[in-house]
Structure formats: C-alpha cells, structure tokens
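Colleague: Predicted model follows, preceded by the sequence.
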Amino acid sequence: MTDTPWWQSATGYQIWPRSFCDTTGDGIGDIPGIISRLPHLADLGIGFVWLSPVYASPQRDMGYDISDYCDIAPEYGTLADMDRLISEARERGIRIVMDLVVNHTSDAHAWFRAAKASREAPEHDFYVWRDPGPDGGPPTDLQACFGGPAWTWAEEVGQYYLGYFSPHQPDLNWQNPALRRAIHDMMTWWYDRGIAGFRMDVISLIGKDVDAGVFEEGPDLHRFLSEMHEATAAGRDVLTIGESWSVSRETAPLYCGRGRRELDMVFQFNHITRQWHPEHGKWRPRPFDLVAFKEELFGWQEALADDGWNSLFLTNHDLPRQVSKYGDDGQWRVRSAKCLATVIHLMKGTPFVYQGEEIGMTNIRFERMDQFRDLETFGHHRAQTAAGVAEAEFVAGANVNGRDNSRTPVQWGPGPNAGFTTGTPWIEVNANHDLVNVETDRARPDGIVAHYRRLIALRRDREIVRHGRFEGALRDHPSVVAYARHLQGERLAVAGNLSGEWVTLDIPASVAVSGACLSHNAGPRTELSGRVTLAPWEAVAVLGRA
Ligand code: GLC
C-alpha cells in the first residue's frame, strides 16, 4: 500500500506537560522541558506526540479548562517555545498533535466573562443557559461528572449555565454558528503554525440536545464533525482523533469510516470501563476479568477491520498506570510491562504510549486526601463520603483507579525528585524512582525502553503489523491473550500470558505458526504451535507462512 497515511505506521506518545520535565525549578513541567527530552522520544521511534493542553488555563482541571485557546500557560512557556517545539520535533521526525478541548471552556475565558455579564453580549449564546425551574432551583437535577450539580446560578443574568464537568468548565453552545466558526478559525490558526492534528477531548458531547437530556452522541454530532472537517482539516495531511466515552462498535464507523470525512480514529474506553463496578464505577475496584477484556479488544478489532481505525492503549492521564492495573508491579514489573505492551502494540490500529509507560512506571500509594491533586477525586470524595463511604475505603479505591496515579512526575533518573525538577514538585514523585527511572532502564539492553523501541520499529517496518487481518483465539482462556495477524500468506502469531503462573495450553491451528521470533520477553521462540508452556507474563510474537 503506497497511500498509507503516516499515522497508520506511526506510534504516538502522550505528554501530560505538568509532569513531564521541569526546566525552571518551579516544580511544574514546561515546554522547554519537552524539547530537552525529544532525543528520548526520537530514540524510541515515536512518530507523533499527543500533547495534553498547554493553553492558558486556571488549571482547575489541569488544562482541560482553557481560558485562551491562542496562548500558552505561562508556567509552561510561551508561544515562541511552542513554535520551537513544533520545529525541533519535526527535525527529529516527530509531529505534534495538540489537545482540542471545545466541549467547554474555562469560566475564566473572555467569552464566558462576557456571556455572564449580560444577556445582550454576543457571547452570551456561546454557552448553554436555562431559566430556573418552577421552584426557583436548577432547571434539572443533572449531576456534573466531577460531582455536584451540573447547573450553576449566574446572578448577573438571572439564569443557570451548564457545566457538564464542573462549574469551572461551562459548556459551549455548539448550536450557535458564530461559536462554531470561532472554533474552526482557532483550529486553522494552529494548523497554520505547523501542528499535525488534534486529539479532540470528549468530542461525542458536542452534538448534545440538552432539553431532551441527550448528551452523548446527540443528534447534531456528525453534522458538526463533518462541518469541522471541511472547514479545517480538509486538504491538510493531519490526524484527528476523537475521544469518546460512549462510542460503541456500532457507532464508531460514523466517526472514522472511510468517506465520512469526519475523523481519522476513535479513542474509546470500552475495554477499560467494562471492568468498572456497574453502580459505583471506578471508585469501587473489581477483580480483573481477562475474558471480558478480550471480548472488548477483539470485538473492536473485528468491528473496525475493514473500515475505521482503532487507537491502541491501556492508560492515559485519566487512567491508572497499566503495569499496576493489569500487570504485576512487584516481582514481575519489567516482564509484565513488556507483556502488556506486546499484546497491545501488535494489534491493528495506532498505539499510544503514555509518558513513563515505557519504563514501567507504577501507581503511587497515597495515604491521605491532602496528597491527591485531582478535582475529580475531590468531587467524588465529597459525594461518596456524604453517602456513607468510609474515608479509608475511598482512599483505597482512589489509589487503584484515581487519575493522580498517572500524573506523578516522569522518573528520569535515580537522583532527587527523579530528575524531574530541582524545586518542589507540584505532586509527589513516586518513591520507587531509585529503581524505576529512564536512566537505569535505558542502561539495560533488555530494558522496557528497548522492548518498546522494537515494537515501534515493527509497526513502522512491517506491513503485517500495520494492516494484517486480525484473528482472535482462545477467547475463553482466563489468563492468555492469543491472536494472529494475516497478510498475503504470512502469519504473525502473538501470545501473552497475563498471569504470574506457568500456563500450558494448546495453540489452535488458526494461530499456529513457526518461523522467526519478532518479539519476546522471556527467551526467543521460533514456534507457536501444538502444546506450549508459557512462563509467568511471557509474551512472544512469531512470524511465518500460514
Ligand atoms: C477528558 C479529559 C479529562 C478531562 C475531561 C474534561 O476526558 O481527558 O482529563 O478532565 O475530558 O475536559
């Protein structure tokens, strides 16, 4: 295939700037820090960076509350720093994809200030306002994602506004054509500066019908996405990724199907949320169910086999560290980190590596609420303790699934503050940084970085990894992930033991192959067929003829 878009052979790397690398000593990561670490990304073979928000922001939701889309938060740097990041990354073959947070702004955005000051301001209709309910209270009892009511009273205009996430994140009114034009102009302004795409935050919310109570995947979503595509990305060689917590296997092709002219890929969470508690969500952890996990991962591979495109990931800035959640962050930390990477990276789609994942960074263990920093954790803490959940039980749940787990500073070396800052870090550095850090891992030829480097190269170099047909196997096996990729008489077989036990199993004929070992973490194998015994957390990939 000669017309393969670059993002189908590239691996992405997500940078959450606050915790990446600090060069000023204020304890907060910054853009010059990202530039200083570009050699690490280039060495891994990363094709593009998804940069979480660096825009001006009061940082109530760590940048997902933007007060100026065309400026940079001073603690992160300047527009000139951003331009330098774009060009220095490009020199190393790395493109920059920015975060687009347009379901809402910050309540400190000039639009919202004007909107809140007067009903007559043109910006008033950029947001979602409703009169009080019959009793003078909020129009509905809708709850915000981060806890508390979703409607907030604005005395100045005598109306309530919608903040679906929090009162500091007022929802934009996408029904207003002038608002949509303003967003398109802003996107074009960034494209013209040289960025290579956008990861679109909670994009499935923008078509909402508030009065009908339809928020996710509302009636106008696809009209707005195709209008946006025509106004911004059309004719440019850029990547658009739609984050959605509601997209299903059935609706995904509507976003990223060929010919839809909306988005290039979806970033969906069904394999993650399927593990959550049906009633208490992520705050009440449940034992990991590998069969359900495979049902989602394999099902999404099959649903987008011929049309649409998957993103491949287990963690990001909203999720716990994958080696703690799905692997073993004790005895088998290194091997299980490689095992998880192998089974994810060799599927069809575009893999995303979240900062620190490539050295097997782990969850942090907090004991007190004052160690946490995330507003979601605080909001749910208020709600759950009011509902009778014990403090210790809440902290235990937050330690398993809370967002701060992935937000502790990247561990660059064994020294003070893991080399992240010379000052006081804004959130604690994980105490295990003496062992778990980039410098130490890189010094090992069999380190986790080396394993990722190889997986990333396999995607770049091999058509079967990019486009081979996916075939899942052993769907009901409780601890092994096994699948094959097929392309023009070639077969790539992948097997991973997601447990700390030795496992003996029969490899089904549909997957069996002998040939060359492309990847392993516990000793090479040139054959995956017949009866096989896998070591704890062993993962292997073998390429041969079918
Ligand atoms: C997305 C972001 C998350 C943010 C939320 C609201 O899910 O990834 O970090 O809090 O949207 O913008």
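Modeller: That came in fine, so what should we check first? Predicted model, so just to flag it, every value in this text is computed and none were measured.

Colleague: Neighbours of residue 130, how many?
Modeller: 15 (other CB atoms under 10 Å). For every residue, glycine as well, the C-beta is placed using N, CA and C.

Colleague: So it sits against residue 139, correct?
Modeller: Yes - counting by CB atoms under 8 Å, residue 139 is a contact partner of residue 130 at 4.1 Å.

Colleague: Give me the common contacts of those two.
Modeller: By CB atoms under 8 Å, 6 or more residues apart in numbering, residue 130 and residue 139 have these common neighbours: 151, 160.

Colleague: and this protein, which of its residues are near the ligand?
Modeller: 61, 64, 101, 165, 201-202, 317-318 (CB under 6 Å from any ligand atom).

Colleague: In those, which residue is surrounded by the most others?
Modeller: Counting neighbours by other CB under 10 Å, residue 101 comes out on top of those with 27 neighbours.

Colleague: For the residue lying closest to it once chain neighbours are set aside, give me its contacts.
Modeller: Sequence neighbours aside, residue 201 is the residue nearest to residue 101 in space, at 4.3 Å (criterion: CB to CB, 6 or more residues apart in numbering). By CB under 8 Å, 6+ apart, the residues touching residue 201 are 64, 99-103, 243.

Colleague: And residue 56, by the same measure?
Modeller: Contacts of residue 56 were listed using CB under 8 Å, 6+ apart, and they are 66-68, 71-74.

Colleague: just residue 244 next, same as before
Modeller: By CB under 8 Å, 6+ apart, the neighbours of residue 244 are 202-204, 216-217, 255, 266-268.

Colleague: can you tell me which of these are in strands?
Modeller: The strands, defined by DSSP state E, take in 266-268 from the contacts of residue 244.

Colleague: between the residues you listed, which is nearest residue 420?
Modeller: Within these, proximity to residue 420 (CB to CB) peaks at residue 267, which comes in at 26.5 Å.

Colleague: quick one: that closest one and residue 240 touch, right?
Modeller: No - with contact defined as CB under 8 Å, residue 267 does not count as touching residue 240 (10.6 Å).

Colleague: Could you check how far the closest residue to residue 202 other than its chain neighbours is from residue 221?
Modeller: In this structure, residue 202 finds its nearest non-sequential neighbour in residue 103, 5.0 Å apart by CB to CB, 6+ apart. Here residue 103 is placed at a distance of 11 Å from residue 221 (CB to CB, to the nearest Å).

Colleague: repeat for residue 374
Modeller: Residue 374 is 28 Å from residue 221, by CB to CB.

Colleague: Which one's more surrounded, those two?
Modeller: residue 221 (24 against 20).

Colleague: thought that one was touching residue 204?
Modeller: Yes - between residue 221 and residue 204 there is a contact at 6.2 Å, judged by CB under 8 Å.

Colleague: Now for those two: what residues contact both?
Modeller: With contacts defined as CB under 8 Å, 6+ apart, no residue is shared by residue 221 and residue 204.

Colleague: hmm, back to that, quick one: which of the contacts of residue 244 is nearest to the ligand?
Modeller: Closest approach between the contacts of residue 244 and the ligand, by CB to the nearest ligand atom: residue 202, at 4.5 Å.

Colleague: That closest one and residue 247 touch, don't they?
Modeller: No - Residue 202 is beyond contact range of residue 247, at 11.0 Å (criterion: CB under 8 Å).

Colleague: where exactly do the strands run in the stretch 351-500 of the chain?
Modeller: If DSSP state E, counting those that start in this stretch is used as the criterion, the strands of the stretch 351-500 of the chain fall at 469-473, 480-487, 490-497.

Colleague: mind listing what the following helix or strand past the last one pairs with, with the direction of each?
Modeller: When you say that, I think you mean strand 490-497. Using DSSP states H and E, the helix or strand that follows strand 490-497 towards the C-terminus is strand 503-507. Partners of strand 503-507 in the sheet, by DSSP bridges, are strand 530-534 (antiparallel).

Colleague: which helices and strands does the helix or strand following the partner strand pack with?
Modeller: Downstream of strand 530-534, the next assigned helix or strand under DSSP H and E is strand 539-545. Packing contacts for strand 539-545, counted by 3 or more CB pairs under 8 Å, 6 or more residues apart in numbering; DSSP states H and E, involve helix 333-345, strand 490-497, strand 513-520, strand 527-528.
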